[in-house]
Structures are given as structure tokens and as C-alpha cells.
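Trainee: structure for the following, please:
(chains A and B)
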Amino acid sequence: MGKYFIRRFLGLLPTLFVIITISFFMIRLAPGGPFDEEKAVPQEILVNIEKKYHMDEPIVMQYGRYLLDILRGDLGPSFRYPDHDVNFFIVSSLPTSLLLGSMSMGLALFLGIGSGILCAVRQNTWVDYFFMSIAVMGISIPLFVIGPVLMYFFALKMHWLPTSGWVDSRAGWITVLMPVVTLASYYFAYLARLSRASIIETLRSDYVRTARAKGLSGPVIMFKHVLKGAMLPVVSYLGPAFAAIMTGSVVVEQIFRVPGLGKFFVQSAFNRDYTLIMGTVIVYSIILIIMNFIVDIVYSFLDPRITYK
Amino acid sequence: MKKILIAFAIFALALMPFGNAFANKGELIITNGAEPQGLDHAQISGVPEHRIFFSLFEGLISANPKDASPLPGVAESWTVSNGGKTYTFKLRKTTWSDGVPITAKTFVDSWLRLLAPETAARYAWFPAMFIKGAEDYNSKKGMKDVVSIRAIDDYTFQMDLVGPLPYVLGALIHYSFGIAPLHVIDKHGKDWTKPGNFVGNGPFVLEKWEPQKQLSAVPNPKYWDKDNVHLERVVYLPTDDNNTAYNMYLNKESDWATVIPLDQLSEAQLSDDYQSGPYLGTYYYVIQNEKKPFDDPRVRKALSMSINRKHIVEKITRKGESPALSMVPPMAGYTPSLGDAENVEKAKQLLADAGFPGGKGFPEFKILYNTNEAHKKIAEYVQQAWNENLGLKVTLMNQEWKTYLNTRRKGDFTVARAGWIGDYQDPNTFLDMFVSGAGMNGGKYSNSGFDNLIKKAASMEAGPARMAALQEAEKLFITDDQSVIPIYGYTSQNMINMNKWGGWYNNTMDWHPTKDIFMK
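Mentor: Okay, the predicted model is just below:
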């Protein structure tokens, strides 16, 4: 197992290297640069700026310089926000995105698996139909519709919640409600459907029939035998889902003014802020890779057929 | 316990007269648009940044909130000599927020820092248009001693201009002419703008800055005019989503909304809080003047004369814009030279004279615009107008913002949407960018008569003769050559409750210094 960990960990590095290399060159292929503005900057000034950011050097040299900087843990200065480094933005905004993502994932897991179990046990009753219709809505209505609708109802009509913000001095923790619910909606829906289907399938399997024949009670069968097996597809979905919830928070962060990394991810691309784009891409890649890694490990605990050597 | 209460009451009473005399009241919350690039005046280039600059810094000149005209700032008074080319400013004795004095040397050093090539200031071109020698230093054609600015003594600052530019005082309000606390920058490097390190000289001083969350400022106790600063706090909230910003205003979470989303406009216009007025800017279409058959002024005139601008502003944009036939918006002392008004019959005739009767034989071409609902609707209307009125085949091409800027910079278009916001209140800011070979002259307009008139005006002192020269230049540019197609003059849009807040006025620069805003 220990060897496997090390091997997997070392395997991350080439993946990251490929991602960095491809992103580095692709970003520069996009037309327009970080210093294109409505009032075009005169050529003489552009020369000064490009020199300052080493953009006057051949691109291969810039790439080499960038790799060396990364090895030192320095993601460089932001082109758009010269008062700050990319490191600063990541350190200050990643925790917010992680918090938003974890809370949403927690909510989605709790409600999704809970309603999945309920629907599977009460299959084809009104409970089942009720939760599954909510789930269909959750899957089909995009975040950028759910967010503003919640905002309209709870903030503008009922005045129960502030429109936006994130744990600020004025409104406090109550601000997290709408972004978390909005972001959780899709994953709740997917998890509810996935766990319902998976539990129903497991309920029909031979070992559950055997357990029943042995006279075990309903709850024991459900929580000790069914859930463990039924959660396998859910777990394998969680890795990519968690990574997606991190990157997918982009829209939610924008609508609800959440000061997370997702906002930088989008804005930096529009601004052609090369270093900030690279920084966010690297962070998101690491999250994605780590999540997949964790899923593989959890798998080995849940499924006795899988072992890692 | 009783004793403590009495002692507390006496203490509170003792404090009261001082507490109330200059009490600042009211927290003004502004939804400020994009996250500010920074606070260093040498590194910023946008409108949200300018709003913050007004709170945290002050240059020689400050802005009159009523009409954005120049008022004394750090400069108490000034004299003009050498035929309008030399300005001598008498500075008031004031300090930075940390108590370090601001002297004439502060201005010399700050301006040289902004102009230094290694600073790579994006807006360095602006001071370079005014100050003698500034452009040479910025483009490495000379050392810093070529920049013609000097400290005569601690409180006398002098500058020489490239010509008698009568609009220079208004331009000095701009952040590129601001100052920076070099003693703090030496100590903290680029971290000097972080709260705790920050030092400014404006009516307010930085209190908190959490990127993407909020920036707040409180009154600066060292500000020279602190008795006339009324607010208790100014809060700038970055808002990328226009709908959220507008909803925040409706929900009373902000006091001043600086953007109104297009689809909420009709609702907003019904509110008493809706503030709109002429804004110093022109929306226009730029044409490649060298490209055949667009090199023929008759073709460009035909294009311009076949558009119904009234329809565009009343049915499409609906922000109270004024249809424009000139590049320069109307200003005090200047009557713009107009292009021909809408006249479809004459347009057809002109196109026929140019060799394309009924549009026959005219090459198909594209209108380039950046992705945006309003630009798209205008382009669709213009496409239809040119097709129906002139028989031309036109297609539309939209591009994402930076891609569009890149295409325009390379001149890789035939007709493109453009907008220009004046940097100062003078016709020159709308005209001098079209001289032959200028970087911002994307349509490659070239007319030596026009070039000479702009040059001549730059050497003339303020007065009707100078305005006449600029008018003559615009006549060549628009009335005769129709180099570009002006469409409308911009208007500003804000939401603020004037029954609650005073000291906020509509003006053509859309500048609203927080120093003057107070809670009623």
C-alpha cells in the first residue's frame, strides 16, 4: 500500500507538468494580450511593459523562467492586478472556494443520499415521485437561473436574506445560505438519482436476499450490507464531482459576490492575465488529481475485491 | 456602580462638544464594478480605480463635483507664464496620512517615477502628452532630466508644457498626475498598498482591502480640508455581475449603483433615484479609410447618411443618448462641425456617383463589434439599414473583448464599432487621436490639412481662435471626409437617492468625489 501511495504521488508530477506546458502555450495563442485596452497603449509604453514582465523574451525562455519560478513556489506577479502576486490571490481566495465547495458537497451528500435511500425504500410511492421530481429540476435548471431566482425571492421579495456577499461584517454567516444551496442543487439531484438507482439494484442482489433469509432486520440490512455496496458508484462520482464543484462555483461566486478562486479563474481568462490563469489552472489541476487519488483509496476500503500493491 | 455610571456620564458629557463639532456621519456603500487593479496611481487604468483614487489621493488639482471643473487641490494657487506654456503652482503645507510633509519634490519624484520606463505605467502616455520632455524620457530617448518639471522651493512646483494647452488644469485631476508616498514605497515595496502599510493624502485613508470582497476607507485626520469631509466611511464593493449590483441597490445594501443592467433599464428609469446626464463620450463606427472602396469619402458619407440615429437611441439603446453627427460632443465655447444628416435619397446618389448604383459591384464587408447585447442590436440595425437603403451586403462579426481589441489594433477590419470617452473637457481629446500615424487612429485617416490644424491649435492659447481651428479640423474630419460615422453621444447612468445623499451631481465626466458627498 505504501509503495502504491508513493508511485501514485510521483505519477502526479508528469501529469501536472503536461498540464502546465499545454496551458502555458495555449493561453498565449489566444488573440489579444493582457495589455490591450480600449484606449490602445502606445507602442513605446507597450515595450516598457513587456520588458517589465519579460514578455520581450523568446517564448521558450519565458517558459523556462516560469518553470523555475514554479519550482521555487512563486507563481509570479499578476498582470492585471500589479499590487498583488498570484500566490497572494490563491492563498486568500482558495480557502473561500474550498469552504463553499465543502459546504455545498456536504449538503448535497446529506440530502442526496438521504432522499436516495428514502426513494429506494419507498419506491413508486408519492415520496419517491416527490423527491425525484425535485431531482429532475435540480439537474435540468442551470445554476445561473437558480441563483438569481433564489435571490429574487429570498432577498428582493421576502427580505429574509441579503442579496449577496460572503461572511461580511454587515450580514455575517447568513450570506452563505444562497450560494451553498445554489451550488448544491445540481449535485444533490445527481446524487439522489444515483444512490436511489444503486440501492434499488443492490436490494435485488443475492447477498441481500441471503441476509433477509437469515432473518436480519430491515435497518441492519440497509445500513450494514446494502449501503456499503450501493455507495461504490456514488464514491467514484464524488472525486470528479468535488473537483467540479470547486471549478463549478465560478458562476455562483460571480452571482453572489463570493471572493473565491473561481472569480479569478474566469476574470483572468477575460483579462488575459497569463500568470493568474496559470495559477488557477495549476491549483484546480492539483485538486482534481488529488480527488481522483482519494477516490481510488476509498474504493479499496469499500470494495474488498480491490487491493493496491 | 452608581459612581462609575456618574463618572462615565461626566466623561461622555465632556467628550460631547468635541465629538459633535466635526462629526462625520453616514457610511456610503458603492457597488464599484470590476475588482480594482490596484491603488498605485502609476499602475491603474480604469474607471473603478479612478473612483477609489478620488477618495485616497489628491493631486495638484481636484474636481468640482458639480461640473468636474478644476479646483485647488494640493496646489493652493497657480500662475501661468511663457505664453501659457509654464505653470507655477504654490502648494499648501500639507502632509501624507503618516505626517510626512508633501512638498514640490514629492510631485517631481512621483511624476518621474510614473514616467520612468522601468515603472511601465500604462497611462504614462497621458502626462507625456502635456509635459515637455516627458515622452522622450518615457520612451528612453532621454534621461529623466529632460522632463521639464522642477521644485523651485519646498512649496513651489513648476512645469513646462509642450504647448499652451488650456485644458491642462482639468487634465491634472487625472490619477496619472497623482502622487505616491515614495518613502513608504521604499520601505514596503509593492506591499505599500496593503492596509496597515498604506499611506495616502486624500480625504479618506484606506481602512480595509480584501480583494474581491470589499475596500473601505475612513476620513484622513491629516487631510488639509478635513472639516469639509462629511462621510464616516466609504465602502467600495467589487461587483462583476451587473444584475447583482442592481439588486443590491434595490435591496438597500448599497447606496450608489454605478451600473444598471440593460434589461432593468426601463424599470430603473421610473425610480426617483435614477440619475442620468450627458457623458463626455461618443459611440461611433470606425472605417478603414485606406481600403477600397471605403477610401472614397462619398462612400463613407453614403453609409453615414443612410442610418437613422434617432431610431437607434430611442428604440435600441434607450438611455437618453443624443444622436450624434459630430465626433466632438457639444461643449462650452465649441460648436461641433456636423456631418450630413440622414438622407437616404442623397446617400443612394452618392453611392451611385462613387460607381456603385444600387450597391451593384460593392464588395461584401463585415461590421466588427465586441460581444455585447447593445452593440449587437445596433450592428443588426445598421446592417439592415445599409442593405435596405443602399443594397449593400453586410455581415456581422462579434468577438470577445480582448480579441476585438487585438483585431482593431492590427487594423484587421473594414467597419468596427468603437467608443471614445474624453480624458478632459476640450474638443482636442476627441480629435488629436486621428492625426496621421497616431496609435489610436485605427481607421488610418490621413489628411495633412487636419494634421496641421491640430498642430496649430496645440500652439494656440485659450480663446475663440483656438476653438475655431479645432472646429475647422473637425470640419475636414467629419463634414468633408466623414472618416468615421458618429452614432450617439453617451449618457451616464447611476442610482443614488438624492433625498438621502447630498453633494452628488451629474456631470459630463461622471466624476463624483466622495469628499463632497454627505448624508442629509
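
Trainee: and the helices in the stretch 151-300 of chain A?
Mentor: Ranges of helices within the stretch 151-300 of chain A are A:177-203, A:206-213, A:218-220, A:227-247, A:249-256, A:261-271, A:274-302, based on DSSP state H, counting those that start in this stretch.

Trainee: what helix or strand is the residue of chain B found nearest chain A on?
Mentor: Using CB to the nearest CB, the point where chain B gets nearest to chain A is B:K402, with a distance of 3.0 Å. Where you see a C-beta, it was placed from the backbone N, CA and C, and this is true even at glycine. Here B:K402 is covered by helix B:401-410, with elements defined by DSSP states H and E.

Trainee: sheet-wise, list the partners of the following helix or strand past that helix with their directions.
Mentor: Going down the chain from helix B:401-410, the next helix or strand is strand B:415-421, by DSSP H and E. As defined by DSSP bridges, the strand partners of strand B:415-421 come to strand B:274-287 (antiparallel), strand B:365-370 (parallel).

Trainee: in the shortest one, which residues are buried?
Mentor: So that's strand B:365-370. Neighbour-count burial for strand B:365-370, with 16 or more other CB atoms under 10 Å in any protein chain shown as criterion, is recorded at B:365, B:367-370.

Trainee: can you tell me how far the residue in the stretch 201-309 of chain A that chain B sits nearest to is from B:L215?
Mentor: Closest approach between the stretch 201-309 of chain A and chain B, counting by CB to the nearest CB: A:P259, at 3.6 Å. Distance of A:P259 to B:L215, given as CB to CB, to the nearest Å: 12 Å.

Trainee: again with A:I277
Mentor: A:I277 is 24 Å from B:L215, by CB to CB.

Trainee: returning to what we had before: okay, the helices of the stretch 151-300 of chain A, which one's buried deepest?
Mentor: helix A:249-256 (a mean of 25; mean count of other CB atoms under 10 Å in any protein chain shown).

Trainee: model confidence over that helix, on average?
Mentor: What helix A:249-256 shows for mean pLDDT is 88.

Trainee: B:D154 contacts B:F107, doesn't it?
Mentor: No - counting by CB atoms under 8 Å, B:F107 is not a contact partner of B:D154; they are 11.2 Å apart.

Trainee: list residues touching both of those two?
Mentor: With contacts defined as CB atoms under 8 Å, 6 or more residues apart in numbering or on different chains, no residue is shared by B:D154 and B:F107.

Trainee: where does pLDDT dip in the stretch 151-300 of chain A?
Mentor: Low-confidence regions of the stretch 151-300 of chain A, defined by pLDDT under 70, span residues A:247.

Trainee: near chain B, which residues of it show up?
Mentor: When proximity is defined as CB under 8 Å from any CB of the partner chain, the stretch 151-300 of chain A approaches chain B at A:151-152, A:155-156, A:159, A:162-166, A:168, A:170, A:254-257, A:259-260, A:263-264, A:267, A:270-272.

Trainee: if we can go back for a sec, more neighbours: which of B:D154 and B:F107?
Mentor: B:F107 (25 against 14; other CB atoms under 10 Å in any protein chain shown).

Trainee: the more buried one: which element?
Mentor: Assigned by DSSP H and E, B:F107 belongs to helix B:104-115.

Trainee: try B:S492
Mentor: strand B:484-496.

Trainee: which helices and strands does that strand pack with?
Mentor: Contact partners of strand B:484-496 among helices and strands, from 3 or more CB pairs under 8 Å, 6 or more residues apart in numbering or on different chains; DSSP states H and E: strand B:256-257, helix B:265-269, strand B:274-287, helix B:297-305, strand B:322-323, strand B:415-421.
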